[in-house]
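In: Quick one, what's the 3D model for this:
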Amino acid sequence: MQLVINTFGAYLRKQGDCFLVKNEDKTFEVSLRKVDSILITTGAYLSTDAIKAAIDHNIEILFMDEFGEPYGRLWHPKLGSTTLIRRRQLEYAQDARGLVLAQEWIAEKFARQIDFLKKLAHARPEKESDILVYAQRLETGKDKLGELNGTLEDQRGTIMGVEGAGGRAYFDALSFIMPDRYRFQGRSRQPAKDEFNCLLNYAYGVLYSMVEKACMIAGLDPYVGFLHTDNYNKKSLVFDLMEMFRYLADQTVVYLFSGRKVNQDWFETVPGGLTLNKEGKAGLIQAINETFETGVRYRNRNIKQRDIIQFECHRIANTLIQEAPDADMGGVRCRGDAETDENCESV
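Out: Numbers count the residues shown, from 1 in each chain. Sure thing, here's the model as predicted:
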C-alpha cells in the first residue's frame, strides 16, 4: 500500500514492526510489511527510526510540493541492476536503435490517446463525429512517426513537432468534452490556469515519481534519455517513458469531471493560477489509486494498471541487454512490485 500524509504537522515514527502516524484527528498504526511507499505532501515530522525502517524494508519516502512536483526522495543507495544496462542506454542513443525506441514510445502514447478519444466519442453520440476528427489527427501523426528513419539526433526535432501537434489536438478534444464550466485553453503548468490543468499537473507529478522509481528498480538511468535532451539535473528518460503512461492520469482526471466528482472547494487561488488544497489532493489521490488498482489484460498477463509501468521498464532494460523483450522479466528482476497489492490511505 501507499501511505499518504497530507495533514500539516502529522508525525511519523516507528513502533515495533509498524509505522505509527499521529495528527490532529487520529492516531493509527500500519504494518511495515504492508507499506510499499510513503508519500508526503505537506509539512510533517519524521523520526530517524522511521526513516531507517523504511530504508531497511525497501520503502521509498517521496516528498511532493503544492503543485504535485516531486522535490525529494529517500531510498536505499543500491543500483537497481547491472551497469551494462546504463552503458547500453548511451550506445542506443547514438544510433538508429534509439530512434526505434523513441518511435515506439510516442506511437504507444498516440495509440492510447486514440483509444481513449474513441471511448469518449462512443459515450457521447451527440459529439462523436467531432471527437473522431481529433482522433484522426492523432492517427495521422502516428503514421508520420512510422515513416522516419536514420538516427535519433537526425529526427528528434521532427518527432517533437509531431508529438506537439498531436498533443494540441488531444487536449482540444478533452476540452471539447468538458462541462462548459471547466473547458480550458490548452495546457498550463506551474501554476495551472484552470481546474482541469490543476488536477492534471498533480496527477502527472504522482505518475512522474512512479516512473522514476520503476526506472531505478529496472536498472535504467533516469538521466540518460532518448527523446528529451540532456540538461543539468534533468531526468530525461523519466520524461521519455512517462509519455506511454500519461493516459492513466488523463483518464483519472477526465472521469472525475465527467462523473461530477470535482468539488470547487478543492482549489485555492495562488499568484498566476490555481493549486490544490488538502481536500483536493486527497480526492485526486484516491481517484488515482482506483485507476492504478484496476486489473487489465496486458501482454498476455493479468496485472494491475500500476504494474504496467514496472513491466515496461523491465522490458526496455531487457531489450537494452539484448534479451527477449517479452521475457518474463528475466534479465532484470524487481523486488516484487508487480505482485504487491498497493492501496492508498490519506492521513
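In: what's the nearest residue to the residue nearest the centre of the chain if we skip its chain neighbours?
Out: For the chain, the residue nearest the mean C-alpha position is Leu207 (1.9 Å; CA atoms, centre = their mean). Distance criterion CB to CB, 6 or more residues apart in numbering; nearest residue to Leu207, sequence neighbours excluded, is Ala249 at 5.0 Å. The C-beta positions use only the backbone N, C-alpha and C, and glycine is treated the same way.
In: Asp95 now?
Out: Once flanking residues are discounted, Asp95 sits nearest to Thr151: 6.0 Å by CB to CB, 6+ apart.
In: Kindly report the same for Gln264.
Out: Spatially, and ignoring its direct neighbours in sequence, Gln264 is nearest to Glu195 (7.8 Å; CB to CB, 6+ apart).
In: Would you mind confirming that the one you found is in contact with Arg183?
Out: No: contact between Glu195 and Arg183 fails when scored by CB atoms under 8 Å: they sit 10.1 Å apart.
In: Show me the shaky parts of the stretch 1-150 of the chain.
Out: For the stretch 1-150 of the chain, the stretches flagged by pLDDT under 70 are 78-81.
In: What ranges does it have for its strands?
Out: Secondary structure of the stretch 1-150 of the chain (DSSP state E, counting those that start in this stretch): strands located at 2-5, 10-15, 18-22, 27-31, 37-40, 44-46, 60-64, 70-74.
In: can you tell me how far the residue lying closest to Arg86 once chain neighbours are set aside sits from Gly167?
Out: The shortest distance from Arg86 to any non-neighbouring residue, by CB to CB, 6+ apart, is to Asp221 (4.4 Å). Using CB to CB, to the nearest Å, one gets 26 Å for the distance from Asp221 to Gly167.
In: tell me the SS of the residue nearest to Leu207?
Out: With DSSP: H, G, I helix; E, B strand; the rest coil as the basis, Ala249 sits in helix.
In: cool, and Asn302?
Out: Classification of Asn302 using three-state DSSP returns strand.
In: Check what pLDDT the residue nearest to it when sequence neighbours are not counted gets.
Out: Using CB to CB, 6+ apart and skipping residues adjacent in sequence, the residue nearest Asn302 is Gly295, 6.1 Å away. Gly295 carries a pLDDT value of 92.
In: check contacts around Gly295.
Out: Residues near Gly295 by CB atoms under 8 Å, 6 or more residues apart in numbering: 302-305.
In: Can you list the buried residues in stretch 9-19?
Out: Using 16 or more other CB atoms under 10 Å as the test for burial, stretch 9-19 gives 10-14, 18-19.
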